[in-house]
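S.K.: could you look at this predicted model? Sequence included:
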Amino acid sequence: MSGIPAGVVTLQDYEAHAAQALDDGAWAYFSGGAGDEITLKDNRRAWDTLRLQARVLRPLAQGHTRSTLLGHTLAHPILLAPVAYQRMAHPDGELATAYAAAAQSAGLVLSTQASVSMEQVARAIVSDPGRGPLWFQLYLQPDRGVTQQLVRRAEAAGYEALVLTVDAPTSGARDRERRTGFKLPVGVRAVNLDGLPAQPPHQLEDGDSALFQGLLAQAPTWSDIEWLQGITRLPILLKGITHPDDAREALRCGVSAVMVSNHGGRTLDTLPATAHLLPAVADAVGSSLPLIVDGGIRRGTDVLKALALGARAVMIGRPYVHALATAGALGVAHVIRLLRDEFEIAMALTGCATLDQIGPHVLHLPAPR
Ligand SMILES: Cc1cc2nc3c(=O)[nH]c(=O)nc-3n(C[C@H](O)[C@H](O)[C@H](O)COP(=O)(O)O)c2cc1C
C-alpha cells in the first residue's frame, strides 16, 4: 500500500493498518513489549491519566513551537526514536523514515541496528536545510575498537550527536516474539555491523550464567562513558535513564542530555511509565541537563504534558513504524504532522504561545482533600 488510508486521522489509527500489513513475527517484534507488557500499557495510560488545565484570552498571535537543543534549532520538539530493522516494515526502511523526518523538520535518531547503512541515511538528508537534528544511536560493542569504528563512521557521515543507549545490556524477555517464533527475514540485518569482527563466544565454566558471565561479561559501565568522551567531540546523550541518581551521575560525567526512557516497555517489565519517572529526574537535574522523554506518546496533549513535566523534547517509536508499514515515507511524514498539529492545538488551548510558557501550571492537579 502506498497512500494514506481513508479514515486515518490520528497516530493510533495507523496501528490497525500496520497489523494488517505486517506478518505475525514482524508485528510481534515492532509492537510487543517485555514480559506481561505492563510497562508498555502503563506508558500509554500514564499520559492519558494526566489532566490539562485550559487558559483563555491569552495572546497567541506570535505563537510558535521553536526551541534550541544542543545548539540546533528545533522547529518543534518531536523526534523519531531509534528503531531497529525498519526494512522489515517497508522495503525503503530507514531511508523512507529519514526523508519523512527531514520533510517535517523532525529530529532523527538512527539505530545502530538500522537495516540501511548510516552513510546512506545521512547522505539522503544531511544537506537538506530544513531537516532537524541527525543523531546516531550507539550500542557500545564488546570490543572498543569496533565501537570506535562506528563512532568514526558516524562522525564522517555527518551525525551531530551520539545517543548512547544504556538500558538494554540484554533484551527483555519478549514473549510475544518468542510465541510467534520471530526471526529476522532474509535480507534484513544490522548492516552497520557488517564486516566488523564478531566477538568470540565467552568460555563458560560449570556453574557460570550464560547471561552474567556470557553476554554481560563485557557490558558497559560508567567508566565507558569517560572513554567514549575521550574518543569523540560529538555531544553524547544517554538514553534509558529512569532513576534520579543515574541522572545525577550522567550530569557529573558531563553528558549533553539525557533521555528518560524505559525502551518503550521492551526491557524491564513493570518499570513505571515514563510520565511517572520524568518528574523525579527533572527535579534531580532539570535545568542543568536537557531531558528528552519517550514511551507511549501518541497525542499532542501527551507532548504538552511531557514538556510540562520538564522535558525539552519527546521521541516517538512505534507510531511512525506503524505509519511506515502502512504508507512508507508519506505515512511517517503524516504522523509527525498530525502530532505537531495536535500539539499546537493543545498549546493554544492551554494559553501557551511558546514552549517556554509551558510549565506545571498547564496540568490540572486535583485539589487536596
Ligand atoms: C521495534 C523497536 C525497536 C527498537 N530498537 C531500538 C534500538 O535499536 N535502539 C534503541 O535505543 N531503542 C530502540 N527502541 C526503543 C525506542 O527507541 C523508544 O525508546 C521506544 O520505542 C519509545 O516508545 P514508543 O514506541 O511507545 O513510542 C526500539 C523500539 C521498538 C518498538
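M.R.: Nice, I can see it.
S.K.: which residue ranges form the strands in the stretch 151-300 of the chain?
M.R.: Along the stretch 151-300 of the chain, the stretches classed as strands by DSSP state E, counting those that start in this stretch are 161-165, 236-241, 257-260, 291-294.
S.K.: close to the ligand, is the first one?
M.R.: Pointing back at strand 161-165 there. Yes. Applying C-beta under 6 Å from any ligand atom, one finds strand 161-165 in contact with the ligand at residue 165. C-beta here means a position set from N, CA and C on the backbone, and glycine is covered the same way.
S.K.: in that strand, which residues are buried?
M.R.: Neighbour counts over strand 161-165 (16 or more other C-beta atoms under 10 Å) mark 161-165 as buried.
S.K.: now do it: which elements does it pack against?
M.R.: strand 134-138, helix 222-231, strand 236-241 (3 or more C-beta pairs under 8 Å, 6 or more residues apart in numbering; DSSP states H and E).
S.K.: deepest of the ones you listed, which one?
M.R.: Of the helices and strands packed on strand 161-165, the one with the most neighbours on average (mean count of other C-beta atoms under 10 Å) is strand 134-138, at a mean of 26.
S.K.: which bits of this protein sit near the ligand?
M.R.: Residues of the chain lying near the ligand (C-beta under 6 Å from any ligand atom): 29-30, 43, 81-84, 111, 113, 137, 165, 239, 261, 263-264, 266, 294-297, 316-318.
S.K.: same list (the buried residues of strand 161-165) but as JSON lines, adding pLDDT.
M.R.: Formatted as JSON lines, those follow (pLDDT from 0 to 100):
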{"residue": "161", "pLDDT": "98"}
{"residue": "162", "pLDDT": "98"}
{"residue": "163", "pLDDT": "98"}
{"residue": "164", "pLDDT": "98"}
{"residue": "165", "pLDDT": "98"}
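S.K.: please tell me how far the closest residue to the ligand within the chain sits from residue 298.
M.R.: Of all residues in the chain, residue 317 sits closest to the ligand, at 2.2 Å by C-beta to the nearest ligand atom. Going from residue 317 to residue 298 by C-beta to C-beta, to the nearest Å gives 11 Å.
S.K.: do residue 34 as well
M.R.: Counting by C-beta to C-beta - residue 34 and residue 298 are separated by 20 Å.
S.K.: more crowded one of these two?
M.R.: Between residue 34 and residue 298, residue 34 has the larger neighbour count (other C-beta atoms under 10 Å), namely 25 against 22.
S.K.: my read is that the more buried one contacts residue 264, right?
M.R.: No. Look at residue 34 against residue 264 with C-beta atoms under 8 Å: they stay out of range, at 9.6 Å.
S.K.: what do the two both touch?
M.R.: Listed as contacting both residue 34 and residue 264 by C-beta atoms under 8 Å, 6 or more residues apart in numbering are residue 40.
S.K.: now do the helices in the stretch 201-350 of the chain.
M.R.: 222-231, 244-253, 274-285, 300-308, 318-349 (DSSP state H, counting those that start in this stretch).
S.K.: deepest-packed of the ones you listed, please.
M.R.: helix 300-308 comes out most buried of the helices of the stretch 201-350 of the chain by mean count of other C-beta under 10 Å, with a mean of 26.
S.K.: who does that one touch, helix- and strand-wise?
M.R.: helix 38-49, helix 274-285, strand 313-316, helix 318-349.
S.K.: can you pull the contacts of the closest residue to residue 282 other than its chain neighbours?
M.R.: Leaving aside its chain neighbours, residue 282 sits nearest to residue 310 (2.8 Å; criterion: C-beta to C-beta, 6 or more residues apart in numbering). Residue 310 sits next to 278-279, 281-283, 286, 291 when contact means C-beta under 8 Å, 6+ apart.
S.K.: contacts only, for the residue of the chain closest to the ligand.
M.R.: 80-81, 83, 264, 294.
S.K.: cool, residue 358 as well?
M.R.: Shown in contact with residue 358 (C-beta under 8 Å, 6+ apart): 304, 307-308, 347, 350, 352.
S.K.: at 6 Å instead, please
M.R.: For residue 358, the contact set (C-beta atoms under 6 Å, 6 or more residues apart in numbering) comprises 307-308, 352.
S.K.: what does residue 182 give?
M.R.: 25, 28-29.
S.K.: name the helix or strand for the closest residue to it other than its chain neighbours, please.
M.R.: Of all residues beyond its chain neighbours, the one nearest residue 182 is residue 25 (3.9 Å), with distances taken as C-beta to C-beta, 6+ apart. Using DSSP states H and E, residue 25 maps to helix 24-31.
S.K.: contacts for that helix, please.
M.R.: 19, 88, 176-177, 180, 182, 321.
S.K.: for the record, mean pLDDT for it?
M.R.: Averaged across helix 24-31, pLDDT comes to 98.
S.K.: coming back round to it: now render the contacts of residue 310 as TSV, adding pLDDT.
M.R.: Output for these, formatted as TSV (pLDDT from 0 to 100):
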residue	pLDDT
278	98
279	98
281	98
282	98
283	98
286	80
291	98
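S.K.: out of those residues, who's nearest residue 340?
M.R.: Nearest to residue 340 among the contacts of residue 310, counting by C-beta to C-beta, is residue 291 at 19.8 Å.
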